[in-house]
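>>> Dropping the sequence and predicted coords here.
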Amino acid sequence: METALHQAYQEEMERLDRTIREMDEHLSLLEAVPRYTGHDVSEQVLESIRENKRHNLAHAMPEPYFGRLDFQESGKPEPTPLYIGKFGVEKADSPDLLVIDWRAPVASLFYSFTGGLDPAAYDSPDGKIEGLVYLKRNLAIRKRILQRVVDTFDREENAMAVTDEFLLYRLGENKDNKLRDIVSTIQAEQDAIIRAGKNDALVIQGVAGSGKTTVALHRLAYLLYQYREQVKAERMIIFAPNRMFLDYISGVLPELGVGHIQQTTFSDWALDLLDGEVSLTDPAEKLNEWFAVGPDRPQADDHAPGRLKGSLRYMQWISDRLDSYERQAVPKEDFLPWDGKKLPAAIIKQWFDVENKHEPLMKRRERVMARIKRWAEMELEKVWEVHLRKEHKKKLTSRLRDYGKRWTAYTPFTFYRELFETPGAAPSEEPSAPAQAAADSESPFRLPEALRETTLRLAKKKKVQQEDLAALLLIRERFVGIHSDHRFDHTVIDEAQDFSPFQVALLNRHTKNGSFTILGDLSQGIHAYQGVRRWEEMLDMFPADARGFFTLNRSYRSTMEIIHFANRVLERSPEPPPTLAVPVFRSGREVAVTPVPEKELIDRLAEEIREFQAGNDNGTLAVLTRTESRSIELHKLLHQAGCGQVHRIGAGQQHYEGGVSVLPVYMSKGLEFDAVIIVDASRKHYEQTAWDAKLLYVGCTRALHELKLFYDGEASLLVAD
Ligand SMILES: Nc1ncnc2c1ncn2[C@@H]1O[C@H](COP(=O)(O)OP(=O)(O)OP(=O)(O)O)[C@@H](O)[C@H]1O
């Protein structure tokens, strides 16, 4: 066995030497060709191919490949060793490949092959290709030096390695402040998602740490490679919960050689489209209200404002209002440019309804108004008497102005605000167009009076809440349409359990062919006042033959001890989930639930932080609090206790710095830390409710290697022995 390993190592060293030499030579040849900057199109194309090769060679050189698969295609005399890397690399003197891009069809075998002597197959552009796998080998190369060789399958022994040594090695590493790529250790169930067809809306339910975010980013890189003629990076978009999270994931795509993909939050994107017409209320206010401790917290049921305004019924209600407005927008009176001349209302309506039918509403209004003016001017030319014509002209100008006033030009916000002006949406004496429309509707949807009042009160200050944004964008779409710059080839929604069906339906209108990757975890649905309860709320929006539902149950982030502990928290919830996370076989320290009286807390935390910093150079540690005010308090006290650099993460945070951080649990969602200390894990702070269980679950599953919980008084029933 030892000799076999030694031989394999020797063989791979030689192969690596040859590969790097060839790559060096190839790069030198390409560098020797002067860069073309002229206007000849075919020369430009050749230059861009050369530049792409230079880029790939330069980026691939330090770690040219990470895997080898010996595959004998049916009908071929012998197996061919295929080397798989982050970038495809051609030989200098032929189009043959030295290294195969991980996204190429044949490379899928490296990920999907899980052992056995039976033929394996992959989908190529020419159809299914079958053959036999002889060897699957992982290789770690760092800075051009071969460091490890691990065979996970050898046909002669017909055995798949029991544990994926390579995966465990990667998972055991400490993490810094950025998420990393996983190309060398993508698992079969993740690969199936990454390579799923472009024109499907994929919804992925994955337990905490199952690689959802990572997989979604790899999927983007795959789509760009596989459908390079149809999708462009600039027309792909990732929606994430906050800017700090975007900063945290920002390294993965460049590592995969992919740039220029739009990355935003739904609020930022919406406010940008609304051209600064409205602003949002401070999100911290809402978070503090929803995440308050004890009876002060509002009920997060279907009547919560976010659930109501995020529902498809609300979307329908807005849409009905717009339909009604469309039916009634044209004034009912004829247009009289001057006494004795008339443009019948029926004709104006015909211009609006038929001739400009496919234009958005405000454009139609503009066009029809211009046409009325043209008509009147032509009529004016027929008047020969000069002084009469002058008089008519004057009249025309003022009557056009009056007519325009009767046909209000709304902005998305002014239209939306008017919907809330009439109590109970009942018609007033002189109803405005939207209020009249609201009254006319047969839709059974009624907005609760209190919500109407709050919305109106804020609107008077030109403020809205996050849950109003989808409605405003829907109105905007009907008023001015969607510009091609705002249509996406593919849309990723991360932490989608916190998105509302209305938001997804709206994004669907901006996304070509329903091409989506929607990922989340219902067990982490801590924003229950706005998010979904069941994935069907989103899935049902897409045609049955153009959607896919995947589940990821293996958790890669945390040790077995942490996952088992976090699972127990969910099991003690009044609403336990149907499936729990399955950890990979990686063992670490036991989770500690320790009583720490309040007066000793700061000293104890300071000691933990110092100990951690002494043993972990670039490690990350998080102190997770139940509320934001508590994190402000602890941050200050730790600072006074001389704890050095401790970052506080609040609602408006833009960057994640790594190191030691203090933050409320709800802000930690999506992030991960080498070690986590949850403070206030007491009965008072975490009750045995479904929501608190989710909150605590999120906190526990942020830890990679070590988890501690401190409580004062009685431990929460969710974690007590
Ligand atoms: N196949 C893999 N190989 C190596 N590491 C992996 C693999 N899959 C996931 N990981 C690691 O597991 C961790 C969790 O990944 P990620 O954040 O993408 O999961 P998630 O499902 O989005 O988590 P959460 O829902 O808890 O935010 C990351 O450190 C990631 O690098």
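Alright, I've got the coordinates. Numbers count the residues shown, from 1 in each chain.

>>> per-residue confidence at Lys395?
Listed pLDDT for Lys395 reads 89.

>>> In the stretch 601-721 of the chain, what residue lies closest to the ligand?
Distances from the stretch 601-721 of the chain to the ligand, computed as C-beta to the nearest ligand atom, single out Gly670 as the nearest residue at 4.4 Å. For the C-beta atoms, the positions are set from N, CA and C on the backbone; glycine is no exception.

>>> Spatially nearest residue to that residue, not counting backbone neighbours?
In space, Gly670 comes closest to Phe245 once its chain neighbours are excluded; the distance is 4.9 Å by C-beta to C-beta, 6 or more residues apart in numbering.

>>> Below-threshold pLDDT in the stretch 301-450 of the chain: ranges please.
Using pLDDT under 70 as the threshold, the predicted model of the stretch 301-450 of the chain has low-confidence ranges 301-303, 424-445.

>>> meant to ask about the stretch 601-721 of the chain, not that
In the stretch 601-721 of the chain there are no weaker segments when pLDDT under 70 is taken as the threshold.

>>> Where do the strands of it begin and end?
With DSSP state E, counting those that start in this stretch as the definition, the stretch 601-721 of the chain shows strands at residue ranges 621-625, 646-648, 660-664, 673-678, 703-711.

>>> pLDDT score for the closest residue to the ligand within the stretch 401-550 of the chain?
Taking C-beta to the nearest ligand atom as the measure, the point where the stretch 401-550 of the chain comes nearest the ligand is Asp521, at 5.0 Å. The model reports Asp521 with a pLDDT of 92.

>>> Is it in contact with Lys212, as I believe?
Yes - with contact defined as C-beta atoms under 8 Å, Asp521 counts as touching Lys212 (7.3 Å).

>>> so what sits against both of the two?
When contacts are counted by C-beta atoms under 8 Å, 6 or more residues apart in numbering, Asp521 and Lys212 are jointly contacted by Gly206.

>>> Am I right that Lys599 sits in a strand?
No - in this structure, Lys599 is helix, not part of a strand, as judged by DSSP: H, G, I helix; E, B strand; the rest coil.

>>> I'd like to know how many residues surround it.
By the measure other C-beta atoms under 10 Å, the count of residues near Lys599 is 8.

>>> just checking, Gln205 touches Ser523?
No - contact status for Gln205 versus Ser523: not in contact, 9.1 Å apart, counting by C-beta under 8 Å.

>>> Mind checking which of the two has more residues around it?
The neighbour comparison of Gln205 against Ser523 (other C-beta under 10 Å) goes to Ser523, with 29 against 22.

>>> State the distance from the closest residue to the more buried one other than its chain neighbours to Lys128.
Across the structure, with C-beta to C-beta, 6+ apart as the measure, the residue nearest Ser523 apart from its sequence neighbours is Pro577 (4.9 Å). When distance is defined by C-beta to C-beta, to the nearest Å, Pro577 is 37 Å away from Lys128.

>>> more neighbours, those two?
For Pro577 and Lys128, the more surrounded residue by other C-beta under 10 Å is Pro577, and the numbers stand at 19 against 8.

>>> hang on, that one packs against Gln524?
No - using C-beta under 8 Å, Pro577 is not in contact with Gln524; the gap is 10.2 Å.

>>> follow-up on the earlier one: quick one: contacts for the residue of the stretch 401-550 of the chain closest to the ligand?
Shown in contact with Asp521 (C-beta under 8 Å, 6+ apart): Gln205, Gly206, Val207, Ala208, Ser210, Lys212, Gln497.

>>> Point out the residues in the protein that sit beside the ligand.
167, 170-171, 180, 182, 185-187, 190, 206, 208-214, 521, 524, 556-557, 670, 672, 701 (C-beta under 6 Å from any ligand atom).
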